[in-house]
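Undergrad: quick one, structure for this:
(one chain, ligands or ions: 1)
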Amino acid sequence: MILNNLNETELRELMSTIGEKPFRGSQIFEYINRHYDYNIDDYELLPKKLRTKINGQFHISSIEILEYLSSELDSTKKLLYKLEDGNIIEGVLLEYKHGFSLCVSTQVGCRMGCVFCASTKGGLVRSLEPYEITSQVYLTEKEFDINISNIILMGSGEPFDNYENTMKALSLLHAEKGKNMSYRNMTISTCGIVDGINRLKEENKPINLAISIHSFDDIERSKILPINRKYNISEVLESARDYADSTGRRVTFEYTVIDGVNNRNSDIELIKNSIRGINSNVNLIALNPIKEYDSKRVTDKSLYRFKSDLERQNVNVTIRRELGSDISASCGQLRREFLATKEGCTDEV
Ligand code: SF4
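TA: This is a model prediction of the structure:
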């Protein structure tokens, strides 16, 4: 049994089942999720006999920061984390005026096949356990002695393809006796898994939702995001509308601008009509080329012109600030490059 996969209630129950007082479970929960202390021998509030007993029966698993790259232009850091089974995942730490934000992974690799994403090129290796998601946050805070105020699940993996573990991890991060992070500071980014969006809506939590849309034309979108063949744009928009209406949260449509493909005049009209009446924001991203996808980055001029054109149509639109552009390996690229240069990696590259 991995103790850092459990919430406080589960830890209290676990203590009861081994004949201990339930409050010991609460103490263990705090050591792990508030103090980020994964060494049971350190738990001085617990009698030594109990620590030995727990060590003999249970386990606290960990991950480690393998290496990180620091931007010389700003304080962005790209991190590689090593999991206990040797698999590698990637994260990005960003500093904004309002605090630190961490881009978190939910799977090793990904099976969604979005064409310009490096994370999917080796397919899905496996989904992460809750502790492997929370540990990315805890470990990064400890490493840099910072408080991470926001997380965005936009690292490798599709969060809704690992629904239960993702939600469990978010609830651990939210726990009052743990990090106590507000759900409002958490963003789930999906490529458009409608069942997942609908399920999240039923959770009734004010979690932010970002949808990688990239095109509002079904034919074009299916070329970029194979998931569109399963859930088409009208289904995605309907679920987004329901989500925004029921949670009161503004949905973000992530829109990677691919020059000549989705920034034509016809796209402006299409965007405006598609999102009409949805409490939403379109976040434009300049395509970060990867070697597996042959397309050039849109020029700043085209990008800003596209933004102005959308604003004239009363579309809420932003441009994602490019941070750490000197270490700008796009999603999953750093991991793939690392694996390609190491012997004995477990991933196909
Ligand atoms: S963009 Fe996200 S969902 Fe799409 S392949 Fe990459 S990791 Fe998976």
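Undergrad: buried sites along whatever helix or strand Ser302 lives in?
TA: Secondary structure assignment for Ser302, by DSSP states H and E: helix 300-312. Within helix 300-312, the residues that count as buried by 16 or more other Cβ atoms under 10 Å are Leu303, Phe306, Lys307, Asp309, Leu310. C-beta coordinates here come from the backbone N, C-alpha and C atoms, glycine included.
Undergrad: let me see the residues that make contact with it.
TA: For helix 300-312, the surrounding residues in contact (Cβ atoms under 8 Å, 6 or more residues apart in numbering) are 257, 259, 263, 265, 268, 271-272, 282, 284, 286, 298, 317, 319.
Undergrad: what's the longest strand in the chain?
TA: strand 88-96 (DSSP state E).
Undergrad: contacts only, for Tyr31.
TA: Neighbouring residues of Tyr31 by Cβ under 8 Å, 6+ apart: Asp37, Asp42, Tyr43, Leu45.
Undergrad: could you pull out the strands in the stretch 101-250 of the chain for me?
TA: Secondary structure of the stretch 101-250 of the chain (DSSP state E, counting those that start in this stretch): strands at 107-109, 124-127, 148-153, 186-190, 208-212.
Undergrad: ok, and the closest non-adjacent residue to Ala240?
TA: Val251 (4.7 Å; Cβ to Cβ, 6 or more residues apart in numbering).
Undergrad: that neighbour: neighbour count?
TA: For Val251, the neighbour count with other Cβ atoms under 10 Å is 24.
Undergrad: swap in the one 3 residues further on?
TA: Applying the criterion other Cβ under 10 Å, we find 19 residues in the vicinity of Glu254.
Undergrad: try Glu238
TA: Glu238: 15 surrounding residues under other Cβ under 10 Å.
Undergrad: pLDDT wise, what is it at?
TA: Note for Glu238: predicted pLDDT of 98.
Undergrad: could I get the buried residues of helix 300-312 as CSV with pLDDT and distance to Pro159?
TA: Formatted as CSV, the buried residues of helix 300-312 follow (pLDDT from 0 to 100; distance: Cβ to Cβ, whole Å):
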residue, pLDDT, distance to Pro159
Leu303, 93, 27
Phe306, 95, 28
Lys307, 96, 28
Asp309, 96, 32
Leu310, 96, 27
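Undergrad: circling back: the residue nearest to Ala240 contacts Ser239, correct?
TA: No: the criterion here is Cβ atoms under 8 Å, and Val251 misses it with Ser239 at 9.4 Å.
Undergrad: skipping adjacent residues, who's closest to the residue nearest the centre of the chain in space?
TA: Residue closest to the average C-alpha location in the chain (Cα atoms, centre = their mean): Leu153, at 1.2 Å. Nearest non-adjacent residue to Leu153, counting by Cβ to Cβ, 6+ apart: Pro159, 4.6 Å away.
Undergrad: the closest residue to Arg111 other than its chain neighbours: neighbouring residues, count only.
TA: With sequence-adjacent residues excluded and distances taken as Cβ to Cβ, 6+ apart, Arg111 is closest to Leu124, at 3.8 Å. Here the count is done by other Cβ under 10 Å, and Leu124 has 19 residues near it.
Undergrad: and if you look at Ile219?
TA: Neighbour count for Ile219, taken as other Cβ under 10 Å: 8.
Undergrad: renumber starting at 22 from here on
TA: That works, and once the first residue is 22, the last one we named lands at Ile240.
Undergrad: just the closest of the buried residues of helix 321-333 to His80, please.
TA: Using Cβ to Cβ, Leu324 comes nearest to His80 of the buried residues of helix 321-333, at 48.9 Å.
Undergrad: how near is the closest one to the ligand?
TA: 20 Å (Cβ to the nearest ligand atom, to the nearest Å).
Undergrad: tell me the contacts of Asn26?
TA: By Cβ under 8 Å, 6+ apart, the contact set of Asn26 is Ser82, Glu150, Pro151, Tyr152, Lys189.
Undergrad: and the gap between it and His80?
TA: To His80, Asn26 is 10 Å away according to Cβ to Cβ, to the nearest Å.
Undergrad: equivalent analysis for Gln128, please.
TA: 22 Å.
Undergrad: which one of those two is surrounded by more residues?
TA: Applying other Cβ under 10 Å to Gln128 and His80 shows that Gln128 carries more neighbours, namely 26 against 15.
Undergrad: my guess is that one contacts Leu149. True?
TA: Yes: the pair Gln128 / Leu149 is scored as a contact, 5.9 Å apart, by Cβ under 8 Å.
Undergrad: can you check which residues contact both of the two?
TA: Jointly contacting Gln128 and Leu149 under the rule Cβ under 8 Å, 6+ apart are Gly178, Asn183.
Undergrad: which of the contacts of Tyr52 count as buried?
TA: Buried subset of the contacts of Tyr52 (neighbour count, 16+ other Cβ under 10 Å): Asp58, Tyr64.
Undergrad: the ligand: which of the contacts of Tyr52 is nearest?
TA: Proximity of these to the ligand (Cβ to the nearest ligand atom) peaks at Asp58, which lies at 31.2 Å.
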